[in-house]
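> Take this sequence and fold it.
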Amino acid sequence: MRASVFLIAVILAAPVRGEEVVLFPRDLAHFPRLVNTDALHAEALPEPPEGATAPERAASWGRIHLGDQAHLFCFSGLDGTEPRLRVDRDGDGDLVDEEPVPGRHVAGHMPGMGHLGFELKGLPGRFSFGKNSVAVTCRLRLTPPDVLRCYTVFAPRAAPFDLAYGPCWLPGTEPALYNFDAGIVLDDLILGAGRVKIDGPPRFENGRPVMAYRMQEGGLTAVRAPGDLMLVSAVKAGYARGPFVPRTVSVAEGGRVRLPEGRWRMTLDVRRREGGLRHRCVVLGREVAVKAEATIGPVEPLSLEIRLKETGEGPEAWVLLKDAAGNYDVRLFSGAERTGLPTLVVKDGTGNVVERRALRWAGPHPRRERFALPPDPAGGSYVFEAVPGKTAFRTEPASKAWTPGAEEEGR
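This next block holds a predicted model:
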């Protein structure tokens, strides 16, 4: 099997129960998990090793362990005055001549969960497995005093079709399935009627790790899905949102999606081609009870909803995009570009257009807009019309009347 053959291509191309794929070092855009194993970790030192030298302001010391190689480091300026990290890359114990790495504040997944991080590139490591060893140049993030995150993993070189899912392995950890686009470790990957299962740790062939996979059938229930639904990413209902929640991806087949029975919160990924482009409609937060004869329900038609609020200086208007089930977190793409942005048209009571405004995105929805409108419109009121933007997905417009001085609406 060629090294470029990837998990899903292997499974869909052949009915063999077990297949293998060769893994290569790869830097990810997102680190897959915190690292704290015997093979890969950082440790804080109570004092500098004998003979080590560093700048006068060095405040704390430690070592980064990358398999059989260890790198001494020291922090300075952690009191807020130009935080710096120095790593002994040449192993001579002298950190004075090492290039300082500046620290930066890294936002967390929740408010107040940010941290100080130092990004390291090109740090060499070597990992031994019995008679085998593999040299890897690692990209890392170190947070004081000794929290290490690793962006470098072993993974296949290519992804088939439009699916960016496959094996991800860090030495000293259990191999996992990974969403390379979103930076999320998967607990389950379901293709058609079966689950993808990793058969233990990798073996080595010609100095490269080789991972084995198989399909496991049973324990899944099929639910009806829209015809062009590509896949769902699902978590059990009741779990809080976040990157470390157990997550399952199920690829649709024959108008069906298969999952274990229970209530799931799903992200639907509907895809179609039109005008030479791949178009996507991603719906977040659809809750579905998976059981016999259940259905996910249609995504289209999408629709716009206008909300208005009196500010004392004119109305503030915003437009929400929702799917056929009333879910408000809907995102549209054409190729890699966000699309479907509506235009807001304001008319007076006689039908004359008094303002037309192209909206801009602010998160999942268009940005709120304030309109300085005369308080005495012709016809006694205004009508706000939301015109759908260009998209491959059927979207219905919306309109709403507003009278100056009206009560606040929406939230």
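
> Report the central residue of this structure.
The residue lying closest to the centre of the chain (Cα atoms, centre = their mean) is residue 182, at 2.4 Å.

> my guess is it meets residue 28, correct?
No - in this structure, residue 182 is not within contact of residue 28 by Cβ atoms under 8 Å, at 10.7 Å. The way it works is simple: take the backbone N, C-alpha and C, and place the C-beta from them, glycine included.

> picking that back up, ok but the residue nearest to the centre of the chain is inside a strand, no?
No - assessed with DSSP: H, G, I helix; E, B strand; the rest coil, residue 182 is coil; it does not lie in a strand.

> contacting residues for the residue nearest to it when sequence neighbours are not counted?
Closest residue to residue 182 apart from its sequence neighbours, by Cβ to Cβ, 6 or more residues apart in numbering: residue 30 at 7.4 Å. When the contact criterion is Cβ atoms under 8 Å, 6 or more residues apart in numbering, the partners of residue 30 are 151, 182-184.

> change it to 10 Å
149, 151, 178-184, 243 (Cβ atoms under 10 Å, 6 or more residues apart in numbering).

> Likewise for residue 170?
Residue 170 makes contact with 31-33, 35, 37, 39-40, 127, 136, 138, 150, 152-154, 176 under the criterion Cβ under 10 Å, 6+ apart.

> any idea how far it lies from residue 40?
Distance of residue 170 to residue 40, given as Cβ to Cβ, to the nearest Å: 6 Å.

> next one: residue 199
Distance of residue 199 to residue 40, given as Cβ to Cβ: 22 Å.

> More neighbours: which of those two?
Set residue 199 next to residue 40 and count neighbours by other Cβ atoms under 10 Å: residue 40 wins out with 23 against 14.

> pLDDT score assigned to residue 83?
You'll see residue 83 listed with a pLDDT of 93.

> Tell me who's in contact with it.
When contacts are counted by Cβ under 10 Å, 6+ apart, residue 83 touches 59, 75-77, 100-105, 116-118, 144.

> now these as TSV including neighbour count and secondary structure?
As requested, these are exported to TSV (neighbours: other Cβ atoms under 10 Å; DSSP: H, G, I helix; E, B strand; the rest coil):
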residue	neighbour count	secondary structure
59	15	strand
75	24	strand
76	21	strand
77	17	coil
100	16	coil
101	18	strand
102	11	strand
103	23	coil
104	11	strand
105	10	strand
116	16	strand
117	19	strand
118	22	strand
144	19	coil
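
> Tell me which helix or strand in this protein has the weakest average pLDDT.
Between all helices and strands in the chain, the lowest mean by mean pLDDT, DSSP states H and E belongs to helix 7-13, at a mean of 36.

> what do residue 170 and residue 40 both touch?
Each of 127, 136, 138, 150, 152 lies in contact with both residue 170 and residue 40 under the rule Cβ under 10 Å, 6+ apart.

> The second one reaches residue 169, doesn't it?
No - using Cβ atoms under 10 Å, residue 136 and residue 169 do not qualify as a contacting pair, with a distance of 11.4 Å.

> re the thing from before, from the contacts of residue 170, which has minimum pLDDT?
Within the contacts of residue 170, residue 33 has the lowest pLDDT, namely 60.

> can you tell me how far residue 95 sits from residue 48?
Distance, residue 95 to residue 48, using Cβ to Cβ: 9 Å.

> more neighbours, the two?
residue 95 (23 against 17).

> Isn't that one up against residue 56?
No - the criterion here is Cβ under 10 Å, and residue 95 misses it with residue 56 at 11.7 Å.

> joint contacts of those two?
Residues touching both residue 95 and residue 56 (Cβ under 10 Å, 6+ apart): residue 76.

> Which element, helix or strand, includes the residue nearest to residue 182?
Residue 30 is part of no helix or strand when elements are defined by DSSP states H and E.

> With residue 178 instead?
For residue 178, the host element (DSSP H and E) is strand 176-179.

> Could I get the CA-only coordinates of that strand as CSV?
C-alpha atoms of strand 176-179 as CSV (Å, rounded to 0.1, in the frame of the first residue of the first chain):
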residue,chain,number,x,y,z
ALA,A,176,-6.1,8.7,18.0
LEU,A,177,-8.4,9.9,15.1
TYR,A,178,-8.1,13.6,14.4
ASN,A,179,-9.9,16.4,12.6
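
> I'm done for today, thanks for sticking with me.
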